[in-house]
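J.: One predicted model, sequence on top.
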Amino acid sequence: MDPFPKDGESAAAGEPSRGAAPSSGVVVQVREKKGPLRAAIPYMPFPVAVICLFLNTFVPGLGTFVSAFTVLCGARTDLPDRHMCCVFWLNIAAALIQILTAIVMVGWIMSIFWGMDMVILASKYSALTSSLTSPL
């Protein structure tokens with residue numbers, strides 16, 4: 001017997017078609033788990049994040065180094081339980097990793113992705129703050 005029934009056989013057997021599967025009402029939520037370095041990326045204003053991306057593209061680690069100082073200026077991160085100085089040093093460590101490994105291109109690629117993450121976080125943060133401050 002053929003393990004995969006033909007179109008006519010499945011309809012004749014009373015099986016539901018694959019396209020008409022009933023909805024079970026299950027909601028699946030996916031949450032990204034970030035490591036401490038990744039979670040230390042600050043939520044900056046959008047123009048500052050674009051400048052950091054530009055700096056990271058041409059001088060690996062420089063934009064990450066600049067973003068570390070935005071933490072000292074009050075930028076939020078995904079590490080609310082850590083002290084501001086600890087988050088600052090995590091960003092400095094990420095910048096040093098990018099600078100030291102830029103020789104073998106790993107740090108340069110990491111630096112560009114880090115800058116892209118800064119811009120993505122800044123766009124989400126600016127969208128959130130604009131929706132909170134806009135009149136209804």
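T.: Structure's in. What do you need?
J.: What's the biggest helix in this structure, counting residues?
T.: helix 106-133 (DSSP state H).
J.: That one packs against which elements?
T.: Here helix 106-133 touches helix 46-58, helix 62-72, helix 84-100, going by 3 or more C-beta pairs under 8 Å, 6 or more residues apart in numbering; DSSP states H and E. Where you see a C-beta, it was placed from the backbone N, CA and C, and this is true even at glycine.
J.: one more time with 10 Å, if that's ok
T.: helix 36-39, helix 46-58, helix 62-72, helix 84-100 (3 or more C-beta pairs under 10 Å, 6 or more residues apart in numbering; DSSP states H and E).
J.: Quick check: buried residues in the third one?
T.: Which is helix 62-72. The neighbour-count check on helix 62-72 (16 or more other C-beta atoms under 10 Å) flags L62, G63, T64, F65, V66, S67, A68, T70, V71 as buried.
J.: and the gap between the last one and M105?
T.: As for V71, its distance to M105 is 27 Å (criterion: C-beta to C-beta, to the nearest Å).
J.: okay, the helices and strands packed on helix 106-133, which one's buried deepest?
T.: helix 62-72 (a mean of 21; mean count of other C-beta atoms under 10 Å).
J.: Quick check: mean pLDDT of that one?
T.: In this model, helix 62-72 has an average pLDDT of 94.
J.: Ok, stretch 114-132 next?
T.: Mean predicted confidence for stretch 114-132 is 83.
J.: With distance to L121 added, can I get the helices and strands packed on helix 106-133 in a markdown table?
T.: Listed next are the helices and strands packed on helix 106-133 as a markdown table, based on distance: least, C-beta to C-beta, whole Å:
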| stretch | distance to L121 |
| --- | --- |
| helix 36-39 | 10 |
| helix 46-58 | 7 |
| helix 62-72 | 10 |
| helix 84-100 | 13 |
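J.: Looking at those helices, which is nearest to V26?
T.: helix 36-39 (28.7 Å; C-beta to C-beta).
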